[in-house]
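Trainee: need coordinates for the following:
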Amino acid sequence: MKTHAIIFGISGIKLNLSEINFFKKYKPWGIILFSRNINNLEQVRNLTFSIRAIFRDKNFPILIDQEGGNVNRFRKIINLDKYNAKYFGDIYQNNKIFYNEFNKFIKKNISILKYCGININTVPVLDLFNQDKKSVIGNRAFSKNCKIVIKLSKYLINFHKNSGLETVIKHIPGHGCTNIDSHYHLPKVNFSLNYLKKNDFRTFKEVDSYLAMTAHVLYEKLDPDKCATQSKKIIHSIIRKYIKFKGILMSDDICMKALSGGIIKNAKLSLDAGCNLLLHCSGKIDEMKKLSLIVPEIDNFTYKITKKIKANFSKFN
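Mentor: Residues are numbered from 1 along each chain as shown. Next up, the predicted model:
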């Protein structure tokens, strides 16, 4: 079965008949899970097994946002409210005992993901902490200090890779400098290119991963018309040329209201701009079917990097 350039969410705690029939004919690059898909560990384990059984691929990518803090998809099972990225960034900055507690947190997360059959965690957040109380990224960021974000992010990525899991750096080229939530509105940033290079872009330039997720952010002085996800200029000139990101670039969720064109238009614009994969999170089967008609198979570039990602999963199995 050919692999297509999209990652889908699903609706519930198990695949329903419509999803089963759809996935028997159409293979996305991966499936992403959310809290709505999680009741208990055994249930998630059975769910991921059933997904891989359909595609007959033991290394099929199954993703999750398991950052800690408020972004905890296993909230019904484990309380991680205390353990947001800022918590660990503050400990590191204050020279307290750091790696012991950070290690315990990462190990716990990874052990849960591995048991459940989830092989990609969409961490770390490389966005810089914004002290404004209205900041949408907030405590999801390690620090306002680039060096701390870089140090902790590299450590987190390596820990996952050594355990056979892949990571996704986000939200490239930077979402920390805005207070607007792209789930609901389009954030606009008016900083100069020089400022962004010294700050928000810097973390992405110095931290590498096979996968990155875009920011639905409009950088007015770089491309006044299109947000990063749909901007050829930003993807090619900033993300690929300046930041030198050489991995698979996935859009953030194309259902977000920051993108105003509807899912089909959003999908086409994101792919045309240079995204290698689309992220569609709603789990709505009618939307998935519509997207299946226009989303192409993955290109050779994406295929080659996917092969490298799956090779690392050998440590996972």
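Trainee: buried residues in the helix or strand where Asn21 lies, which are they?
Mentor: In this structure, Asn21 sits in helix 17-25 according to DSSP states H and E. Judged by neighbour count using 16 or more other Cβ atoms under 10 Å, the buried positions of helix 17-25 are Glu19, Phe22, Phe23. Just so you know, the C-beta spots here come from the backbone N, C-alpha and C atoms, and that holds for glycine as well.
Trainee: tabulate the residues you listed (JSON lines), appending distance to Leu80.
Mentor: Converted to JSON lines, the buried residues of helix 17-25 look like this (distance: Cβ to Cβ, whole Å):
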{"residue": "Glu19", "distance to Leu80": "29"}
{"residue": "Phe22", "distance to Leu80": "33"}
{"residue": "Phe23", "distance to Leu80": "31"}
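Trainee: and which of these is nearest to Ile78?
Mentor: Closest to Ile78 out of those is Glu19 (26.8 Å), distances taken as Cβ to Cβ.
Trainee: how close does the closest one sit to Gly69?
Mentor: The span separating Glu19 from Gly69 equals 30 Å under the rule Cβ to Cβ, to the nearest Å.
Trainee: follow-up on the earlier one: in JSON lines: the buried residues of helix 17-25, plus distance to Lys289 and pLDDT.
Mentor: Output for the buried residues of helix 17-25, formatted as JSON lines (distance: Cβ to Cβ, whole Å; pLDDT from 0 to 100):
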{"residue": "Glu19", "distance to Lys289": "11", "pLDDT": "99"}
{"residue": "Phe22", "distance to Lys289": "7", "pLDDT": "99"}
{"residue": "Phe23", "distance to Lys289": "11", "pLDDT": "98"}
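Trainee: closest to Leu293 out of those?
Mentor: If you rank these by distance to Leu293 using Cβ to Cβ, Phe22 comes first, at 12.1 Å.
Trainee: next up, the contacts around that closest one.
Mentor: Ile285, Met288, Lys289, Ser292 (Cβ atoms under 8 Å, 6 or more residues apart in numbering).
Trainee: what's the answer for Ser135, then?
Mentor: Under the criterion of Cβ under 8 Å, 6+ apart, the contact list for Ser135 reads Phe129, Gly176, Asn179.
Trainee: quick check: bridge partners of the nearest residue to Met1 once chain neighbours are set aside?
Mentor: Once its chain neighbours are removed from consideration, Met1 has its nearest residue in Lys27; the separation is 4.5 Å (Cβ to Cβ, 6 or more residues apart in numbering). Beta bridges link Lys27 to Thr3, judged by DSSP bridges.
Trainee: Lys27 contacts Phe55, correct?
Mentor: Yes: under the contact definition of Cβ atoms under 8 Å, Lys27 touches Phe55, with a separation of 5.6 Å.
Trainee: ok, the residue lying closest to Ser163 once chain neighbours are set aside - contacts?
Mentor: For Ser163, ignoring the flanking residues on the chain, the nearest one in space by Cβ to Cβ, 6+ apart is Ile110 at 5.0 Å. Contact partners of Ile110, counting by Cβ under 8 Å, 6+ apart, are Asn121, Phe159, His160, Ser163, Leu165.
Trainee: what is the neighbour count of the closest residue to Arg73 other than its chain neighbours?
Mentor: Setting aside the residues directly before and after it, Arg73 is nearest to Ser35 in space (Cβ to Cβ, 6+ apart), at 5.0 Å. By other Cβ atoms under 10 Å, 14 other residues sit near Ser35.
Trainee: quick one: the helix holding Asn21 to chain centroid distance?
Mentor: 25 Å (Cα atoms, centre = their mean, to the nearest Å).
Trainee: right, I'll call it a day here.
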